[in-house]
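J.: Sequence and predicted structure are below.
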Amino acid sequence: MLVNELDYVIEAIEGTSDALEKLYFFSGIPAAVHRIFNIEYEPDLVFMHHVLSATHQGIMQRIDAIRKGDAVVPIVEYQLDKLLYLCKELRDAIKNNAETDGIMKKFILLLYSTTGNGYYLTKKGVFEF
């Protein structure tokens, strides 16, 4: 079920150039994880849900701040490309019954790149996401 949802989200993200629409479709992943762990509880799914929800909310907050005039810390195309890449990496790991903790760490690093300090460290050249 989760792999099918990831396939749909990936296709939808690839089909739009609008950042808000990309995030709208991305929100389907934590929602699907939530539905699944309500049916079949697994602590790793709770962790995954929390990371993916935080990633979605944090990037949305940055976009909202930009729309309100705080354009110092931008959302750049590379970040949205990385979001898509990580969705694909997550789908493949789940398909192959592989560990996902490392991928969750990458989602958190992507989220951190949208913060003021993440942007500062990226510009400084010491932070890669």
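T.: Good, I have the coordinates. As the structure is a prediction and not an experimental result, all values here were calculated from the model.
J.: my guess is Val9 contacts Pro30, does it?
T.: No - counting by C-beta atoms under 8 Å, Val9 sits too far from Pro30 to count as a contact (10.4 Å). C-beta here means a position set from N, CA and C on the backbone, and glycine is covered the same way.
J.: So those two - more neighbours on which side?
T.: With other C-beta atoms under 10 Å as the criterion, Val9 and Pro30 differ in neighbour count, and Val9 comes out ahead with 24 against 19.
J.: for the more buried one, what are its contacts?
T.: With contact taken as C-beta atoms under 8 Å, 6 or more residues apart in numbering, Val9 is in contact with 25-26, 28-29, 87.
J.: Please flag which of those sit within helices.
T.: Using DSSP state H, 25-26, 28-29, 87 are the members of those that sit in helices.
J.: can you pull out the helices in this protein?
T.: Counting by DSSP H, the helices of the chain are 2-14, 19-26, 28-39, 43-67, 77-95, 101-113, 116-124.
J.: mind putting those in a markdown table, mean pLDDT included?
T.: Putting the helices of the chain into a markdown table (pLDDT from 0 to 100) gives the following:
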| stretch | mean pLDDT |
| --- | --- |
| helix 2-14 | 98 |
| helix 19-26 | 97 |
| helix 28-39 | 97 |
| helix 43-67 | 97 |
| helix 77-95 | 97 |
| helix 101-113 | 98 |
| helix 116-124 | 96 |
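J.: Please name the nearest non-neighbouring residue to Ile63.
T.: Counting by C-beta to C-beta, 6 or more residues apart in numbering, Ile63 lies nearest to Ile75, which is 5.9 Å off, once chain neighbours are set aside.
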